[in-house]
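1. could you work out the structure for the sequence below:
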Amino acid sequence: MAERGGFPAVDWPARPDLSLALNRMGTFDWDLDSGQMHLDPTALEVFDMRPEEFSGAPGGLRARIPPREEARLDTRVAQALKDGRSHYGAYVRIRRRDGTTSWTHIQGHILRDPAGRPYRVIGIVRDADLDPGESGARNERDEGRRRLTGVVERTTAILAHARTVNDVTDILKDPAALGHLGAVSIMLGVIDGGRVHLVAEGELGSYVPEIEYTRIDADLPMSEAVRGLQPVYVSSREEFERRYPMLWPYIEPLSVRSGVYLPLIAQGRPIGALGLLYTREGDFTAEESNLLVALGSGIAQSLMRAMLFEQEHEIAEGLQRAMLPRSIPEVPGALIAVRYRAARMGRDIGGDWYDVIPLGEGRVGVMIGDVEGHDTDAAAVMGQLRIVLRAYIAEGHTPGTAMARASAFLRELETERFATCTYAEIDLNSGIAQLVRAGHLDPVVRRGDGTCHRVAAAGGLPLGLPSGDKPWAGSGYPVTTLELHPGDTLLLCTDGLIERPGADSDSGMREFLAAVRDGPVEVEELADSLCELVGDSGTGDDMALLVLRRRGAPAPRGGGPLRQRLTPGDPDGPGMARHLIRAAVAAWGARDLADEIELAADELMTNVLVHTEGGGQVILRLTVEGRIRIEVEDSSSALPRRREAGDWAVSGRGLMLVERLADEWGVEPKGAGKCVWCEFSFPAAPEPAPAPVGAPAS
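-> As a prediction, this is how the structure comes out:
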């Protein structure tokens, strides 16, 4: 062979093996029966393999063909063999010794025996990086790019619906997500103070409690990614062992050959790290790195969004709880249970509320309501409305008047919101309940025998709406009277417990009534069972529930209150009142205290008739605690005061006598006036049969 221009001359025409070698095209011969494969030197060069590195079987190429590419090539060959074709071809991306990747074109000719059975494949392998414009290679590249880009798009789209950190972790732990990412295991760590908290680990069964919490300055890849704000790539098991000896004992038993740890950066600061483990070995391409960084960015934004949502939820829930009563007081004569369930939309906050107001002498007020809207403004309005309605009731206003004043207060706030409400004032001695409803759901009563029905309570407009020229009399909120017998249960709830998506309110009420009828007798258990109607996920509305059961013990003999009107200028009124008081006290078994009780009542009645205008009312009742209570109400806001009477003074000793005679006394506001009261304790008498409720007022 002659030289030409300093280079070895090439024979004419060139030999086929030289032509193949110069164009980086090698040959292979694959015996399908024995499974042996022969690669010529050029083919080994294309695969960047030394002769001693090739085992003589197709599996020996796995060091250079990634698992994903190998699976795709096997599918192409199997299909050609099955279809009876004589040729097949495929572009495959291989990984070189230095970690870079290149495209290789493989083409095979299939030999078959007379029966059509394939027994041998003879073909060529060619370095396709030399012709990047060739359509086949371009299609393979585009396919790989589309696949990787699709992973980012699909994962980002799924994470867009995540609302909590648990949602994010559940999505990432899904085996389908791992398949899209091409990983065999995934780890998500969140920065918690100066540590990385491993909050999720999917597949491979590699959860290790020892590394659940690790320091940011630890010699671990996840910590390194957080510190450096750069991805950390590990391309082999040897690198895992060499760079991270603390992690290696947990990696060694696994079929992991490489991994990447991505810092999760949101708003310019690290909030965590994402780890992906692979069974393949080798470096990651620039294209893979870019897509992984994009994936990490999307996960970081979703995680930050979820963390902010949870923070808002905690703030909103804290505000909601602060606006509701911190505790429910124990009320003698009644068992009460309350429940509140947040919505599952918006900020998980709304305007539903409940309240329990002890009114003394065996009376209690219970209310439930719902301010329009599901935001912090609704919760703030709810808090103001609950407190002001409670104040009006504590001042002694009648239920209808208290509701009317609360409606006027809400209008004055100018919030452009309205509220619905139901208030019930219950005398637990007699069982008489006075109900006022402002556009709210009807109350429900379950009798002691298990029967259940809605209470058709008259109602007025929702609070905050202008009454206009509506023909309702008085306050605009009529009162409905209901009697609760011992063992009866009163239930008040908001529409979040009744309404169902896609169903009418009547069906929800029927379901509620059935659940009340068939539910437990004990109020706490009944409240829990009713909350199960909406399930753990809740609905689009928040929900409040109040359950009150009158205790089953019958009222003592003559337990109904005695009422007597005091009219100025009526000379017989005080005498009649004293006579009724002495008779009632004797009937209640406190005859020994009759003189003291009559004298104290006479002093309080005299104060009303002498120092006020318009007269008043004297009330005598037995309390749930077993005391005799005297109340004298009048329309004057002036409070009584003790005076130091001189030796020859003819007045000023009334309150001193009351204080000496009674066990307790006091003054309470009552609507536009006041109520002066005193109580006497006496030994409990044996319980006789119950008497009719209440004595008629004079």
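2. how about residues contacting stretch 378-390?
-> Outside of stretch 378-390, the residues within contact range by CB atoms under 8 Å, 6 or more residues apart in numbering are 316, 319-320, 322-324, 349-353, 355, 357, 367, 369, 371-372, 402-403, 405-406, 409-410, 413, 415, 417, 419, 421, 423, 463. Every residue, glycine included, has its C-beta placed from N, CA and C.
3. for the stretch 201-350 of the chain, which spans come out with low pLDDT?
-> Scanning the stretch 201-350 of the chain for pLDDT under 70 picks out 202-210, 313, 316-321, 343-349.
4. wait, Arg50 touches Leu44, no?
-> Yes: under the criterion of CB atoms under 8 Å, Arg50 makes contact with Leu44 at 7.2 Å.
5. those two: who's more crowded?
-> Neighbour tally, Arg50 and Leu44, criterion other CB atoms under 10 Å: the higher count belongs to Leu44, 17 against 9.
6. now the phi/psi pair for the more buried one, please.
-> Per-residue torsions, Leu44: phi -60, psi -40 (degrees, to the nearest 10).
7. tell me the contacts of it?
-> If you count contacts by CB under 8 Å, 6+ apart, Leu44 has them with Gly26, Arg50, Pro51, Phe54.
8. 7 Å instead, please
-> By CB atoms under 7 Å, 6 or more residues apart in numbering, the contact list for Leu44 reads Gly26, Pro51, Phe54.
9. adding secondary structure and distance to Gly616, write those residues out as a markdown table.
-> Formatted as a markdown table, those follow (DSSP: H, G, I helix; E, B strand; the rest coil; distance: CB to CB, whole Å):
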| residue | secondary structure | distance to Gly616 |
| --- | --- | --- |
| Gly26 | strand | 115 |
| Pro51 | helix | 117 |
| Phe54 | coil | 112 |
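10. which residues touch the helix or strand hosting Ala404?
-> Counting by DSSP states H and E, the element that carries Ala404 is helix 399-413. Contacting residues not belonging to helix 399-413 are listed as 381, 385, 388-389, 392-393, 397, 419, 421, 423, 425, 434, 436, 438, 463-464, 466, 474-479, 671 [CB under 7 Å, 6+ apart].
11. distance from the biggest helix by length in the chain to the middle of the chain?
-> Among all segments of the chain classified by DSSP state H, the helix with the greatest residue count is helix 286-323. The chain centre lies 16 Å from the centre of helix 286-323; the measure is CA atoms, centre = their mean, to the nearest Å.
12. I'd like the next helix or strand past it.
-> The C-terminal neighbour of helix 286-323 among helices and strands, as given by DSSP H and E, is strand 334-341.
13. can you give me the angle that following strand makes with helix 286-323?
-> Comparing the axes of strand 334-341 and helix 286-323 via axes from the mean of the first three to the mean of the last three CA atoms, to 10 degrees yields an angle of 150 degrees.
14. run the chain-centre distance for strand 334-341.
-> 20 Å.
15. mind listing what's buried in the helix or strand just after it?
-> Once the chain leaves strand 334-341, the next helix or strand it forms, by DSSP H and E, is strand 351-360. Within strand 351-360, the residues that count as buried by 16 or more other CB atoms under 10 Å are Gly351, Asp352, Trp353, Tyr354, Asp355, Val356, Ile357, Leu359.
16. show residues contacting strand 351-360.
-> For strand 351-360, contacts defined as CB under 7 Å, 6+ apart pick out 323-325, 328-329, 331, 336, 338, 340, 364-373, 378-379, 381-382, 386, 390, 393-394, 419, 494, 496, 542-544, 546.
17. how far is it from where the chain is centred?
-> Relative to the centre of its chain, strand 351-360 is centred 24 Å away, using CA atoms, centre = their mean.
18. and it, average pLDDT?
-> Per-residue pLDDT over strand 351-360 has a mean of 88.
19. please identify the pairing partners of the helix or strand following that strand and their relative orientation?
-> Past strand 351-360, further along toward the C-terminus, the next helix or strand under DSSP H and E is strand 363-371. Its sheet considered, strand 363-371 pairs with strand 351-360 (antiparallel), strand 419-427 (antiparallel) by DSSP bridges.
20. can you tell which of the ones you listed is closest to Arg120?
-> Shortest separation from Arg120 across the strands paired with strand 363-371 is recorded for strand 351-360, at 78.4 Å, computed as CB to CB.
21. name the residues that touch the biggest strand by length in the chain?
-> Assignment by DSSP state E gives strand 101-112 as the longest strand of the chain. Strand 101-112 is contacted from outside by 46, 80-81, 85-96, 118-129, 136-137, 140, 285, using CB under 7 Å, 6+ apart.
22. ok, back up a step: using CSV, list the CA coordinates for the helix holding Ala404.
-> Taking only C-alpha atoms (Å, rounded to 0.1, in the frame of the first residue of the first chain), the coordinates of helix 399-413 have been written out as CSV:
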residue,chain,number,x,y,z
PRO,A,399,-85.7,36.6,73.4
GLY,A,400,-87.5,38.6,70.7
THR,A,401,-86.1,41.9,71.9
ALA,A,402,-82.6,40.6,72.1
MET,A,403,-82.8,39.2,68.5
ALA,A,404,-84.2,42.5,67.2
ARG,A,405,-81.4,44.5,68.8
ALA,A,406,-78.8,42.1,67.4
SER,A,407,-80.2,42.6,63.9
ALA,A,408,-80.0,46.4,64.3
PHE,A,409,-76.4,46.0,65.5
LEU,A,410,-75.5,44.0,62.5
ARG,A,411,-77.0,46.6,60.2
GLU,A,412,-75.0,49.3,61.9
LEU,A,413,-71.8,47.4,61.2
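23. pLDDT of that helix, averaged?
-> Taken as a whole, helix 399-413 carries a mean pLDDT of 90.
24. can you list the buried residues in that helix?
-> By neighbour count on 16+ other CB under 10 Å, the buried set for helix 399-413 is Pro399, Gly400, Thr401, Ala402, Met403, Ala404, Arg405, Ala406, Ser407, Phe409, Leu410.
25. can you tell me which of those lies nearest to Leu526?
-> Nearest to Leu526 among the buried residues of helix 399-413, counting by CB to CB, is Pro399 at 25.1 Å.
26. element containing the closest residue in space to the closest one that isn't next to it in sequence, please.
-> Once its chain neighbours are removed from consideration, Pro399 has its nearest residue in Val436; the separation is 4.3 Å (CB to CB, 6 or more residues apart in numbering). Taking DSSP H and E as the criterion, the element that holds Val436 is strand 432-438.
27. next secondary structure element downstream of that strand?
-> Going down the chain from strand 432-438, the next helix or strand is strand 444-446, by DSSP H and E.
28. C-terminal to that following strand, what's the next element?
-> Beyond strand 444-446 in the direction of the C-terminus, DSSP H and E gives the next helix or strand as strand 452-454.
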